[in-house]
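*Asks:* Sequence and predicted structure, then a few things I'm wondering about:
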Amino acid sequence: MTKTFQNFIAGQWSAPESGAYFENRNPADTRDLIGTFPLSNSHDVDAAVASAKRGFEIWRNTPAPARGDVLRRVGDLLTQRKEEIADLMTREMGKPLTETRGDVQEGIDTAYYAATMGRQLSGRTVPSEMSNKWAMSFRRPIGVAGIIAPFNFPLAIPTWKMFPALVCGNACVFKPSEDVPHTGHTLVEIMLEAGLPPEVIQLVHGLGADVGAPIVSHPDVAVVSFTGSTQTGSMVGETCGRMHKRLSLEMGGKNAMIVMDDADLDLALDGVLWGAFGTTGQRCTATSRLILQKGIHDNFLGKLVERARGMALGDGRKKGTDVGPLIHESSRAKVERYIDIGQSDGADLLCGGRRPDGNKFEHGFFFEPTIFARVEAGMRIEQEEIFGPVLSVIRVSDADEAFRVNNGVKYGLSSSLYTRDVNLAFRAFNELDNGITYINAPTIGAEAHLPFGGVKQTGNGHREGGWEVYEFYSETKVGYCDFSGVLQRAQIDNYLGTPD
Ligand code: UN1
């Protein structure tokens, strides 16, 4: 019997207003139906936001260390259920169990970090210009936060967004990606079990146009956090700009790994395979460009193609699988369009570029790890985000050219440089236009307690993770207390330093 899941609105598991549901199927085998989930609409969003406003009133008055304690219990429950969650996540999303375990672990780390932040939401106390007067800043919660999450990190990314929002005292209206609703459901179940007051979290399943858009434009949603495509991010940004909402955007990437002639090539080889084909290339931090210095170009490329050909495609729940399926037929069709574009623009297809043969792949959205060589800076496969297992290799003469190529795209999430030259490594930190630069490690692998985000069209200046995100989810307030008992004018109105 197919299981039917519900929204969690106003403290109850409830059916959507429409009465309609969508199917959630396993991308490795679409015969496997995981369950049906609500196709919600703006009526459900309205009910969720109204309830979240009530939840906010309770939660904002709960001391931050106590809010942090709830997150600590969330971390404990995620730890207990790690294997089970990893399994259900692989079933609905496709990446191998080794990766979904990592995804859960990122959520656990984020929970424990958030728990400690409940005791560290600090402001500053500074001297006043006047005697017998205090001046200080502190942080207040904002209100109802709209949380719109992508499919590729079904657990970690919602936790990046919601845990800091909650520790700061906000209530959340959460829309998981319609591709991974089971993970979203499980996360909310755990948050409730950990003791989060029910109206502080609302779960609304459904499609972007029906649920995401009404969350973003709801006048009582004060702050929005969105991870997804740059195209959708622009729409979210327009609405939030018009309505003067606080907004954090995490969008596309076209991340490059640079390998210099002096690099440890075996290390770089392991790095690029993991960076390019891990999560089937569906990370915003994925390595989608490989910039090779001319001295090692041919040798490195030869070894890389051999290793890529040897990667095991398959069901992520089976032992030995290196690369799972893509999330959708439409994602695979997009990858295929880019294979055509790459070839007609004159790049050399060295391996992959096709669906794998064989019965075991018949019912899933599999695609072979693909490498294009002779890619020129400026080609579409070098500029545009493909979000699949496609790596474009560019040959360069020296570090200056490599850095120029790295910076010559509209995105700026992460970059990576393999070298033994410490001077060049520090130049890279300065000169590569990305939010994150790795030395001797691939473009993926951001840690939960450091700020995560990118420059240019990857983001809008905010960061997730680390200490910075706590500023995003809270408002600075300044308090002055004058205990002199007389009217003291501020320095600007009473300046002693200049003669009349
Ligand atoms: C993403 O790709 O959407 O850096 C997030 C990493 C992860 C997070 C990636 N920790 O690979």
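*Replies:* Sure thing, it's come through.

*Asks:* The residue nearest the centre of the chain: what secondary structure?
*Replies:* The centre of the chain sits closest to Ile157, judged by Cα atoms, centre = their mean, with a distance of 4.8 Å. At Ile157, secondary structure determined by DSSP: H, G, I helix; E, B strand; the rest coil is helix.

*Asks:* And it, how far from Leu88?
*Replies:* From Ile157 across to Leu88, the span is 16 Å (Cβ to Cβ, to the nearest Å). From N, CA and C alone the C-beta is placed, and that goes for glycine too.

*Asks:* swap in Ile381?
*Replies:* Relative to Leu88, Ile381 is positioned 34 Å away (Cβ to Cβ).

*Asks:* Could you check which of those two is surrounded by more residues?
*Replies:* Between Ile381 and Leu88, counting by other Cβ atoms under 10 Å, Ile381 is the more crowded of the two (23 against 20).

*Asks:* Please list the residues of this protein that sit near the ligand.
*Replies:* By the rule Cβ under 6 Å from any ligand atom, the part of the chain lying against the ligand is 106, 152-153, 283-285, 444-446.

*Asks:* Repeat the analysis, applying 5 Å as the threshold.
*Replies:* 283-285, 444, 446 (Cβ under 5 Å from any ligand atom).

*Asks:* Need the residues you listed in a markdown table (columns: distance to Lys456 and secondary structure).
*Replies:* Shown next, in a markdown table, are the residues of the chain next to the ligand (distance: Cβ to Cβ, whole Å; DSSP: H, G, I helix; E, B strand; the rest coil):
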| residue | distance to Lys456 | secondary structure |
| --- | --- | --- |
| Arg283 | 18 | coil |
| Cys284 | 13 | coil |
| Thr285 | 15 | coil |
| Ile444 | 19 | coil |
| Ala446 | 18 | coil |
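
*Asks:* Please, a PyMOL command that selects the buried ones among those residues?
*Replies:* Remark: buried members of the residues of the chain next to the ligand, expressed as a PyMOL selection using 16 or more other Cβ atoms under 10 Å:
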select buried, resi 283+284+285+444+446
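
*Asks:* Doesn't Phe151 belong to a strand?
*Replies:* No: using three-state DSSP, the assignment for Phe151 is coil, not a strand.

*Asks:* Look up how far Glu336 lies from it.
*Replies:* Note on Phe151: its distance to Glu336, by Cβ to Cβ, is 19 Å.

*Asks:* who has more neighbours, the two?
*Replies:* Comparing Phe151 with Glu336 by other Cβ under 10 Å, the one with more neighbours is Phe151, at 23 against 15.

*Asks:* got the contact list for the more buried one?
*Replies:* Residues in contact with Phe151, defined by Cβ atoms under 8 Å, 6 or more residues apart in numbering, are 93, 177, 179-180, 282, 327.

*Asks:* What of Ile381?
*Replies:* 338, 341-342, 345, 347, 372, 375, 390, 392.

*Asks:* Which of the contacts of Phe151 has the largest number of neighbours?
*Replies:* Ranked by neighbour count (other Cβ under 10 Å), these have Met93 at the top, with 30 neighbours.

*Asks:* pLDDT weak spots in this structure?
*Replies:* Residue ranges of the chain with pLDDT under 70: 495-500.

*Asks:* how about the helices in the stretch 51-200 of the chain?
*Replies:* Per DSSP state H, counting those that start in this stretch, the stretch 51-200 of the chain carries helices over the ranges 64-80, 82-93, 97-117, 156-167, 181-193.

*Asks:* cool, the stretch 401-500 of the chain as well?
*Replies:* Under DSSP H, counting those that start in this stretch, the stretch 401-500 of the chain gives helices at 422-431, 469-472.

*Asks:* In contact with the residue of the stretch 251-400 of the chain found nearest the ligand, which residues?
*Replies:* As assessed by Cβ to the nearest ligand atom, the ligand sits closest to Arg283 within the stretch 251-400 of the chain, at 3.4 Å. Applying Cβ under 8 Å, 6+ apart to Arg283 gives the contacts 152-153, 444.

*Asks:* Let me have those residues in CSV, extended by distance to Asn423.
*Replies:* Output for the contacts of Arg283, formatted as CSV (distance: Cβ to Cβ, whole Å):
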residue, distance to Asn423
Asn152, 36
Phe153, 35
Ile444, 26
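
*Asks:* Nearest to the ligand among the residues you listed?
*Replies:* Closest approach to the ligand among the contacts of Arg283 (Cβ to the nearest ligand atom): Ile444, at 3.4 Å.

*Asks:* give the contact list for the closest residue to Gln282 other than its chain neighbours.
*Replies:* Counting by Cβ to Cβ, 6 or more residues apart in numbering, Gln282 lies nearest to Asn152, which is 4.8 Å off, once chain neighbours are set aside. By Cβ under 8 Å, 6+ apart, the contact set of Asn152 is 93, 279, 282-284, 327.

*Asks:* how close does the closest residue to Asn407 other than its chain neighbours sit to the ligand?
*Replies:* The shortest distance from Asn407 to any non-neighbouring residue, by Cβ to Cβ, 6+ apart, is to Asp433 (4.6 Å). Distance, Asp433 to the ligand, by Cβ to the nearest ligand atom, to the nearest Å: 18 Å.

*Asks:* go on, Arg427?
*Replies:* 23 Å.

*Asks:* again with Asp482
*Replies:* 48 Å.

*Asks:* The nearest residue to that residue once chain neighbours are set aside: how many residues sit nearby?
*Replies:* Spatial nearest neighbour of Asp482, chain neighbours left out: Lys133 (4.5 Å); criterion: Cβ to Cβ, 6+ apart. Neighbourhood size, Lys133 [other Cβ under 10 Å]: 15.

*Asks:* give me every residue that touches Lys133.
*Replies:* Each residue near Lys133 by Cβ under 8 Å, 6+ apart is listed here: 480-484, 488.

*Asks:* I'd assumed Ile157 was in contact with Pro150.
*Replies:* Yes: in this structure, Pro150 is within contact of Ile157 by Cβ atoms under 8 Å, at 6.1 Å.

*Asks:* after the helix or strand harbouring Ala276, next one along is what?
*Replies:* Assigned by DSSP states H and E, Ala276 belongs to helix 265-277. Counting by DSSP H and E, the next helix or strand C-terminal to helix 265-277 is strand 287-293.

*Asks:* Which residues does that following strand contact?
*Replies:* With Cβ under 8 Å, 6+ apart as the test, strand 287-293 has contacts from 253-261, 271-272, 275-276, 281, 300-301, 304, 375, 382, 385-386, 390-399, 402, 405-406, 416, 442-444.

*Asks:* count of neighbours near the closest residue to Thr227 other than its chain neighbours?
*Replies:* Nearest non-adjacent residue to Thr227, counting by Cβ to Cβ, 6+ apart: Glu250, 4.2 Å away. Counted with other Cβ under 10 Å, residues neighbouring Glu250 total 26.

*Asks:* Quick check: Glu250 touching Ser229?
*Replies:* No: Glu250 is beyond contact range of Ser229, at 10.5 Å (criterion: Cβ under 8 Å).

*Asks:* Identify the contacts common to the two.
*Replies:* The contact lists of Glu250 and Ser229 share no entry, where a contact means Cβ under 8 Å, 6+ apart.

*Asks:* Glu475 bridge partners, please.
*Replies:* Arg140 (DSSP bridges).

*Asks:* Spit out the contact partners of it.
*Replies:* Going by Cβ under 8 Å, 6+ apart, Glu475 touches 139-142.

*Asks:* Let's see if you can find the most crowded of these.
*Replies:* Within the contacts of Glu475, most neighbours by other Cβ under 10 Å means Pro141, with 25 neighbours.

*Asks:* now that one: how far from Asp264?
*Replies:* Here Pro141 is placed at a distance of 48 Å from Asp264 (Cβ to Cβ).

*Asks:* same question, Thr321
*Replies:* For Thr321, the distance to Asp264 equals 27 Å [Cβ to Cβ].

*Asks:* Neighbour count for those two, which is higher?
*Replies:* Thr321 (20 against 14).

*Asks:* Many thanks, I have nothing further to ask.
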